[in-house]
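Colleague: heads up, no residue letters with this:
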Ligand code: ARG
């Protein structure tokens, strides 16, 4: 039997394998709500433009609501013979309202329809990821405020570099997450043009009102080129790119949590709620959620690569290859959403071990830069010379396994005679972090101001 939706010029039905390779209903049923919303807007516009009768529009709208209800309640029998969500919905509409259903497809095609559905879906996804990211920012900023003066080693090359505060470290992720939100918002802005009415590729001869459809669906305007409209998947790529960068950020935080929770670092403890045990080693507390956030970033990056490759050789306009956009986007959004939620949960849960962090904050000559800065400030040495003098002092201390603050004044003066006892004030960890008052620096007062500023902005966001 040939296909009831497009089989007019076909004498027989498709090969069995066609159902397997061609049908997208197994995954694009997730576009049902968007598909129905788009169809209702299209039908209403056709009515207002005098292309469909008011009775047909009313029957179509009521029928589409019934189809939507059936799908929501799980009563809808999806059919693979009908390939995709668009034809499943339209076919059911015909069962319910009869031949008027056949008028819905006037002045549109599945090509502009699917582009519209996907844009609506991605737009909703961006909005919900954005509010999840705001929640993660809130969790980070709250923790940062609570631990604004908790010292820890700051690292470069994963070698102890200079003391910082735990609050400062967490606020770095608030900034990163803020840029992630900015990228998603940018993608949303460019996405927000309505393809519907571009029809198959060339537009339509019916006197449609594309502005009206765009407005009804919350788009800023209709797309300006019908060929572009049906073949553009930039919005999916941009969203996946933004999601990928965000996933990389979350993966970096996850990696730090993995490191911090090792007995070797012991900077942070996750409660039982975010730790798992080993079935063989009773002493183990594994940070599985952090490892999975780190691991799942792979799927999100993979979805971006996958779609880039799908699109790269495609001539204009629509090609069935583009049906491959969906599973990657759905999976990436779902995965990112899980990762954001797990990250926010871990951030709220984790408790820093102040003693362990303090112990390591001052270790490994982490205040050597403070010493060099003192030589510049007080003795007016050029920084390069101060760096050299400090290097010799570090070597002197290291040669007898001591900290810089354990050198005697005489030992210091043997390297640079003008050094005075006042130097010892800058060798402590607390003095070091307190002195870093430059904008964006780690001084606890800075950190508190930044954390409060973020919390105020984030609070306002929820209020609006
Ligand atoms: N299921 C298709 C997709 O996702 C819908 C568009 C089909 N268009 C067509 N001309 N066969 O891309």
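Modeller: On my side now, so go ahead. All values derive from a computational prediction rather than experimental measurement.
Colleague: surely residue 105 forms part of a helix?
Modeller: No - secondary structure of residue 105 (DSSP: H, G, I helix; E, B strand; the rest coil): coil, not part of a helix.
Colleague: what's the closest non-adjacent residue to residue 338?
Modeller: Excluding the flanking residues, the one nearest residue 338 by C-beta to C-beta, 6 or more residues apart in numbering is residue 296, at 7.1 Å. From N, CA and C alone the C-beta is placed, and that goes for glycine too.
Colleague: isn't residue 56 up against residue 101?
Modeller: No - with contact defined as C-beta atoms under 8 Å, residue 56 does not reach residue 101; the gap is 9.1 Å.
Colleague: who touches the nearest residue to residue 406 once chain neighbours are set aside in this structure?
Modeller: In space, and not counting its chain neighbours, residue 406 is closest to residue 397: 6.8 Å by C-beta to C-beta, 6+ apart. Applying C-beta atoms under 8 Å, 6 or more residues apart in numbering, we find residue 397 in contact with 365, 403, 404, 406, 407.
Colleague: columns secondary structure on top of the residues you listed, output as a markdown table?
Modeller: A markdown table is the format used below for these (three-state DSSP):
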| residue | secondary structure |
| --- | --- |
| 365 | coil |
| 403 | coil |
| 404 | helix |
| 406 | helix |
| 407 | coil |
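Colleague: near the ligand, which of those residues show up?
Modeller: The overlap between these and the neighbours of the ligand (C-beta under 6 Å from any ligand atom) is empty.
Colleague: are any of those buried, and which?
Modeller: Buried members of these, counted by 16 or more other C-beta atoms under 10 Å: 365, 403, 404, 407.
Colleague: report the contact partners of the last one.
Modeller: Taking C-beta under 8 Å, 6+ apart as the criterion, residue 407 is in contact with 393, 396, 397.
Colleague: again with the second one
Modeller: Listed by C-beta under 8 Å, 6+ apart, the contact set of residue 403 reads 362, 363, 365, 397, 427.
Colleague: tell me which residues of the helix or strand hosting the fourth one come out buried.
Modeller: Residue 397 is part of helix 383-399 when elements are defined by DSSP states H and E. Neighbour-count burial for helix 383-399, counted by 16+ other C-beta under 10 Å, picks out 386, 387, 388, 389, 390, 393, 394, 396, 397.
Colleague: grab the nearest non-local neighbour of the fifth one.
Modeller: When you say that, I think you mean residue 390. residue 372 (4.3 Å).
Colleague: and the residue in the stretch 351-464 of the chain that the ligand sits nearest to, how many neighbours?
Modeller: Of all residues in the stretch 351-464 of the chain, residue 461 sits closest to the ligand, at 34.6 Å by C-beta to the nearest ligand atom. By other C-beta atoms under 10 Å, the residues close to residue 461 number 14.
Colleague: quick check, it in contact with residue 134.
Modeller: Yes - when contacts are counted by C-beta under 8 Å, residue 461 is listed as touching residue 134 (5.9 Å).
Colleague: re earlier: pipe the contacts of residue 397 into a markdown table and attach distance to residue 245 per row.
Modeller: Shown next, in a markdown table, are the contacts of residue 397 (distance: C-beta to C-beta, whole Å):
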| residue | distance to residue 245 |
| --- | --- |
| 365 | 35 |
| 403 | 40 |
| 404 | 39 |
| 406 | 45 |
| 407 | 45 |
